[in-house]
Every structure is written in structure tokens, then in C-alpha cells.
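Trainee: Sequence first, then the predicted structure:
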Amino acid sequence: MRVSRPARVRATIHVPPDKSVSHRALIFNAVATGRATIERILDSDDVRSTAQCLAALGVPIEWPEGSQVAHVTGQGLHGLFEAEDVLDCGNSGTTMRLLLGLLAGHPILSVLTGDSSLRSRPMGRVIAPLRAMGASLAARRGDTLAPVVVKGGSLRGIAYHSPVASAQVKSAVLLAGLYAEGETAITEPSRSRDHTERLLTAMGAPLAIDGLTVRVRPAERLSAVSVRVPGDISSAAPWLVLGVCHPDAEIVLEGVNVNPTRTGILDILRAMGADLELVEERTSGGEPVADIVVRSSQLRATSVSGELVPRAIDELPLVALAACFAEGTTVVRDASELRVKESDRVKAVVDALGRLGAEIREREDGFEVDGPVRLRGARVHAHGDHRIGMLGAIAGCLAEGETEVLDDAVGVSYRTFWDDLRTATSSEAVSG
């Protein structure tokens, strides 16, 4: 795709449904009692991978291609069947890690794999606590990489202190805890997104939250819950950064999930002086929702670290882009988790923005960016990472000349991204 800077940006965008909520609505309802309707489910490659794996485990799912409505007939807590073939999780770490937690409670044999990117991402962080609970798991490279073989059943509750703040690790342990004898507790170094806690509580799971610790006891049943999925703030983030960095922009983002465990990007941009406001605040599917209005802004540098990082982990590449237009040096630290995403996002961000002329330096746990600078169009390779693909596209809309984005993979999370970009910038700004 080829992108150039438009003279002005004006748009109202209804961003795609939340990917994290979409995954969980499918997985949790699969082992609930009853039938659930999931409205505005994200129709993306990742969420389709979850649906296909659940179907292979015997869960009836009605989800026509191109539809944003799915129906799940729950099979009860112990109703999954052994799949006849390997479960292909595609590019989705959420699919693999959450299913490992769920399957740890079932006395069936399952083999989970994925594409080359997913097979390079760390699974030991999930395997270790599930093994401690009594599940049998084996994986490549010293039980750290997929494919992963799991045979579950006969679990016991544990008190686990996770070395990383990860909603996927937390969710896997909590799902296994629904099947374990006694109480299961997981404590994180800082709070990760809480979509699992919200939805499991709504379904009747015996779950309690105490600071950074979440506790769950074995469940007798979960009640199916229909969900209308709110907009994904990770998919809103490219437009937020485009809006604040472009010199003549106003963008309205409708129906965005503003769950406080996910709004780190809003806090970071506000600290940088961004002109943004939340309007029409409301609740949808148990999640806080608002429309976000964002306008051209004069930005200043900021520092991102600590508990702010897990609340903005997927949006940090775009923070680096915003920093190119901010006065001073922006520092992102404590973000080594970026190195084990779909790509090494520290290296990918430094490479992509460096090609465009950014003054950016790699840190072991993040990056530093000096601003402001004038970006110049260049060729950017996203390495099949959808977040880097969107970063390259938005950077191209802010750079002088033409930017070419290769292997963008944006369909993993945002199938209509390029169409929305054409709408926001005029069709002349996007080609390919």
C-alpha cells in the first residue's frame, strides 16, 4: 500500500469491535450453559481462529462469513470433545493461551499450533502455572514454544505470582481455576486488562478481586451471557495519533471501549497535551464506552513506564510516532514485553520510524524519541505484524512524500483499516 499526507483530515469512524472481548465472549460462552448471541463480534482473522478451534472441540457456533453476529451454544463446563486434528490458532496468542487454560481442565488430548509468528512467541509463561496446577503439557524448545500438547484434568488450586502483567496469562490461570480443587489465586506485578474478570463475574463465576490479586474457586456452572461488543481502543489508537499529529485534523471515534485497564493511550496523549475529549459516556456489554473526539494538537514529550505500560502495551508503537511530533525527548521503558509480540516491536518500531527520518533509539526495554522532526516518505516493512502495518500507514499520512507499506497484515485485527483511512484522508492519499 502507498500512503501520502492529505491536506486535511475529517472523519467519523466507528472502530472495529474489541478483539479481547470478542475472543472471551466466544471462549467463555462455549463452556457455559445456554445459548448466547454476540453482537458486533470482531470479524477478523484472529477471532475467526478462536471460533474454528472451538468448533473443532465440539462447540456449535453460527457465524456466517462477513457477519458481525455470532451465536454460541454452550456445552457446559465439561462438554468439550477431543478434536480430531491439531488446533490451528493462526496468528492469535490470545486464542492459544486462553485455550491452554481452558483445556487444562479437560481430560482430553489437544495439540495447539499456529503460524510462524505465533510459534516463536513465549508459551512457557502459561505452561508453568498450568503444570503447577497438575495439567500435563509439553512444547518445543524446552517447553517454551508452540506447538503445545496439553492433556488436562485433576487440577488443584495454586497461589501464583506472575512475573509479567499479562491478561492472557491471568485468563489462562483463572480458566483452569474454574476446574481446580480449592482456590486459585494469581497476583500480577501491575494490573492488566480485566475483561476476563468482568465477563466471568457476569456469568456467575465465583471470582474475587483484591488489589493485584484475582481469586477464583471451582464453578458448578457458568450461565451464558449475550454480549454487544464495544469498539476496540487499540483500533482507535491509530486515529487518535493521526488526529493529534496532523496539522489540520478532527476525528470522531464512535463507541470506543474506555475500560480503565485499557486507556493508557488516552492518559499518555493527555500528558503530551493532546486535544481530546470523551463524550456520550455509557455502558455496553458490561464495559464503559464513549465517543472520542480528537483534534490537531501541540505536543510535548513525556515518559512512559511502570503500571502505565500494560495499559497501553499494544499502542506503544503509535506513542513512538506521536513522540516524533512532540517537543523534547519521550522515553518508553519497562516495555520489554514488546519484544515478544507478533514481531520484536522495539526493533520494528525503531526500524520503521528510523527509515522515515525519526530520531529514535532502541532501549532494551523500550525506546527514546527526540522531537519534533520532519518525517520523509520511505519504504516500511511491517514483517506481518498488524500493529506495525498500521503504524507505517499513519506515519505515511504525516510524512512528506510517499510511503510504501509492505506486508501490513492489518486484517488480523482490522479488516476495514485501509477503507477507513481512505475515508479519513481522501482516496487520493491511499493507493495500492
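Mentor: Nice, I can see it.

Trainee: mind checking the SS state of residue 350?
Mentor: Under DSSP: H, G, I helix; E, B strand; the rest coil, residue 350 falls in the helix class.

Trainee: Use 43 as the first number for this chain going forward.
Mentor: New numbering, starting at 43: the last item is residue 392.

Trainee: got the contact list for it?
Mentor: Residues near residue 392 by Cβ atoms under 8 Å, 6 or more residues apart in numbering: 402, 403, 404, 409. C-beta coordinates here come from the backbone N, C-alpha and C atoms, glycine included.

Trainee: again with residue 463
Mentor: Residue 463 touches 45, 435, 439, 471, 472, counting by Cβ under 8 Å, 6+ apart.

Trainee: got any ranges where this protein has weak pLDDT?
Mentor: Scanning the chain with the threshold set as pLDDT under 70 gives 327.

Trainee: what ranges do the helices span in the stretch 43-192 of the chain?
Mentor: Ranges of helices within the stretch 43-192 of the chain are 61-72, 87-98, 135-145, 166-174, 182-185, based on DSSP state H, counting those that start in this stretch.

Trainee: so how far is the second one from its chain's centroid?
Mentor: Centroid separation between helix 87-98 and its chain, computed with Cα atoms, centre = their mean, to the nearest Å, is 16 Å.

Trainee: any idea how far residue 467 lies from residue 183?
Mentor: 43 Å (Cβ to Cβ, to the nearest Å).

Trainee: Between these two, which has more neighbouring residues?
Mentor: Between residue 467 and residue 183, counted using other Cβ atoms under 10 Å, residue 467 has the larger neighbour count: 25 against 12.

Trainee: who's residue 155 bridged to?
Mentor: residue 130 (DSSP bridges).

Trainee: got the contact list for the residue nearest to residue 224 when sequence neighbours are not counted?
Mentor: Nearest-residue entry for residue 224: residue 199, 3.7 Å, with adjacent residues in sequence omitted and distances by Cβ to Cβ, 6 or more residues apart in numbering. Taking Cβ under 8 Å, 6+ apart, we find residue 199 in contact with 175, 219, 222, 223, 224, 225, 226, 227, 259, 260.

Trainee: Please identify which pair of the contacts of residue 392 lies farthest apart.
Mentor: 402 and 404 (7.7 Å; Cβ to Cβ).

Trainee: ok, how many other residues are close to the closest residue to residue 77 other than its chain neighbours?
Mentor: Take residue 77 and drop its neighbours on the chain: the residue closest to it by Cβ to Cβ, 6+ apart is residue 115, 5.0 Å away. Other residues within reach of residue 115, judged by other Cβ under 10 Å, total 16.

Trainee: My read is that residue 115 contacts residue 102, right?
Mentor: Yes. Using Cβ atoms under 8 Å, residue 115 is in contact with residue 102, at 4.2 Å.

Trainee: hmm, back to that, let's see if you can find the most crowded of the contacts of residue 392.
Mentor: Within the contacts of residue 392, most neighbours by other Cβ under 10 Å means residue 409, with 26 neighbours.
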